[in-house]
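Enquirer: Following is a predicted model, sequence given first.
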Amino acid sequence: MKKIVEAEKEAQRILEQTNHAIAKMKNDLPNRITSMREQILKEATEQRRQIVLEAEKAGAKEAKQIASELSIQLQALSQIPEARRKRAVEAVVQLLLS
Amino acid sequence: MSSSLEKLVEQIISESKIKADEIRKRGQSEANAAIEAARTEAIREADSIIRDSKSDVEAARNRIASQERQKARIAYLAEKNKVVQHVLKHVQARLLELVENEPSYRPFLLKAIARGVEAIPSEDVKVALCERDLNRFKSGKLLDDALAAAQTRKKVTVVDQPIETAGGAVVTSEDGKTRVDCTLEGKLKLMEPQILTQISQILFAS
């Protein structure tokens, strides 16, 4: 009879220990969730930073390309032959005198 | 007897372990579900951050590129305008040369007066010239030639008071209510869009 009582006590101890472990786990759960959530959002923020950085690089490249195209266009304007300018002057003079 | 007692004790302990195991599994499962739900929510938020940042950045990039293109376009047009203005300056210089050359200039002046006289719906008209032309043509038969060119019998008088112009004439009705500007400056202003088109066609046509 004594052995049965001891066994009942041991069984009770096992259950209590398990319940205690589960309670502790549930108690720690909010911290675990917060920590995990922070990690995920931190990674997202880092990814956002990378996206901004890449966009800035692409924007700078695009601006450089636009400036380069403008430079070519301006150079073309400065290289209009004198003969063509004179032809324009004469055409306007003729237009005015007509 | 001893053996069955042993068995009973083992059974009590074993059942307790099984129950504990069930409790552990249920607790673990609940915790996993809560973690998974929180992870899904956090990932959804993270995706939203990344998606928003992508569209924000893309919009900002497009805006910047558009501004750069606009700036470049303005700079290009300003430079183009400089080239056109340069040509117009040469046109003015060329016109000043031309008005000094009487044989080349006279036909233009005749046409200008004739056009002005035709345009005024009045029988008596006045013609105003610049001082140079007044001195140059007062003794000639400029008006007769102009009237012949206009094929009109209107009475035309030249105003003694000179006007400020490089060349051409201003024709007015006798009462001064109708005025036709046939000066070079007037024509330049009137024909500006046509002139700019002509210059652009010659200079910038590829």
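Expert: Good, I have the coordinates.

Enquirer: which residues in chain A form helices?
Expert: Listed in chain order, the helices found in chain A under DSSP state H are A:2-78, A:82-97.

Enquirer: what about B:Asp156, which SS state?
Expert: Residue B:156: Val, not Asp. With DSSP: H, G, I helix; E, B strand; the rest coil as the basis, B:Val156 sits in strand.

Enquirer: Report the distance from the lengthiest helix in chain B to the chain centre.
Expert: The longest helix of chain B (DSSP H) is helix B:2-100. Distance of helix B:2-100 from the chain centroid (C-alpha atoms, centre = their mean, to the nearest Å) equals 36 Å.

Enquirer: ok, how many other residues are close to B:Ala46?
Expert: Neighbourhood size, B:Ala46 [other C-beta atoms under 10 Å in any protein chain shown]: 20. All C-beta atoms are positioned from the backbone trio N, CA, C, and that covers glycine.

Enquirer: That one touches A:Leu41, doesn't it?
Expert: Yes - if you go by C-beta atoms under 8 Å, B:Ala46 and A:Leu41 touch, sitting 5.8 Å apart.

Enquirer: Ok, which of the helices of chain A comes nearest chain B?
Expert: Nearest to chain B, of all these, is helix A:2-78, at 3.2 Å by C-beta to the nearest C-beta.

Enquirer: if we can go back for a sec, quick check: buried residues in the helix or strand just after the longest helix of chain B?
Expert: Per DSSP states H and E, the first helix or strand lying C-terminal to helix B:2-100 is helix B:102-119. For helix B:102-119, a neighbour-count test (16 or more other C-beta atoms under 10 Å in any protein chain shown) marks B:105-106, B:108-118 as buried.

Enquirer: Ok, stretch B:180-187 next?
Expert: Those would be B:180-184, B:186-187, for stretch B:180-187 by 16+ other C-beta under 10 Å.

Enquirer: domains for chain B, by residue range?
Expert: Split into domains by automatic domain parsing, chain B comes to B:1-100, B:104-204.

Enquirer: Output these in TSV; the columns should cover distance to chain A and mean pLDDT.
Expert: Converted to TSV, the domains of chain B look like this (distance: least, C-beta to the nearest C-beta, whole Å; pLDDT from 0 to 100):
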stretch	distance to chain A	mean pLDDT
domain B:1-100	3	93
domain B:104-204	4	90
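
Enquirer: who's in contact with whichever strand or helix holds B:Asn135?
Expert: Assigning secondary structure by DSSP H and E places B:Asn135 in helix B:131-137. Residues outside helix B:131-137 that contact it (C-beta atoms under 8 Å, 6 or more residues apart in numbering or on different chains) are B:99, B:102, B:109, B:129, B:158, B:160, B:162, B:167, B:169.
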